[in-house]
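Enquirer: got a sequence here, can you build the structure:
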Amino acid sequence: MGPMSNVRRIESMENLVQDAVTRGAKLLTGGKSRGQVGFFWEPTILTDVSEDSEIMLVEPFGPLVPIIAFDSLEEVILKANSLPYGLAAYVFTRSEKTTEMLVESLESGGIAVNSAAPVPSDLPYGGFKDSGYGYEGGIEGVEAYLHKKLVSLA
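Expert: Alright, predicted model coming up:
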């Protein structure tokens, strides 16, 4: 795991953790910057996170995982799709039926099942909703930088 991009990202992580804990979340691990040099943030897990916590409303762009309880898969889908973001979703399950339902229903540009591995660079990847426009990776990522020209010969 590498460093954050700048000090503002560290400050953002601090604010997200503090807000969640103030609203009743439990800090399971991490929750602070690491070291005196660079912009490193410890991988952080929060449990019992309130739905009105800022971490539940924004894309953190850092190693911060909020965990909430749910009663049904339908509730998970509604909560996940209620935000204006849809960059990535991570699903951990042993059920093929659950996998199929989530892959079909989640409004996300990328869905990793039983993995947290990054997307291979040779595959197109783009977010849904406010999580980005266009694609990166694969030929689709290159095409965004090209100007196409139509030539008609007679």
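Enquirer: so where's this protein uncertain?
Expert: Counting by pLDDT under 70, the chain contains no low-confidence segment.
Enquirer: partners of the residue nearest the centre of it in the sheet?
Expert: With distances taken as CA atoms, centre = their mean, Ala88 lies nearest the centre of the chain, 4.6 Å away. Ala88 has the following beta-bridge partners by DSSP bridges: Gly110.
Enquirer: just checking, what packs against the biggest helix by length in the chain?
Expert: Longest helix in the chain, counting residues (DSSP state H): helix 7-22. Counting contacts by 3 or more CB pairs under 8 Å, 6 or more residues apart in numbering; DSSP states H and E, helix 7-22 packs against strand 44-47, strand 64-66. To be clear about C-beta, it is placed using only N, CA and C from the backbone, and glycine gets the same treatment.
Enquirer: what about the helices in this protein?
Expert: In the chain, the helices defined using DSSP H lie at 7-22, 73-81, 96-105, 138-143.
Enquirer: since we're on Ala69, how many residues are nearby?
Expert: Residues near Ala69, counting by other CB atoms under 10 Å, number 8.
Enquirer: now do Glu51
Expert: Number of residues near Glu51 (other CB under 10 Å) recorded here: 11.
Enquirer: how about the one 3 residues further on?
Expert: A total of 16 residues lie near Glu54 under the criterion other CB under 10 Å.
Enquirer: Glu140 too?
Expert: Using other CB under 10 Å, Glu140 has 14 other residues around it.
Enquirer: which residues does Ser53 contact?
Expert: Residues in contact with Ser53 (CB atoms under 8 Å, 6 or more residues apart in numbering) are Leu16, Asp19, Ala20, Arg23, Ala25, Pro66.
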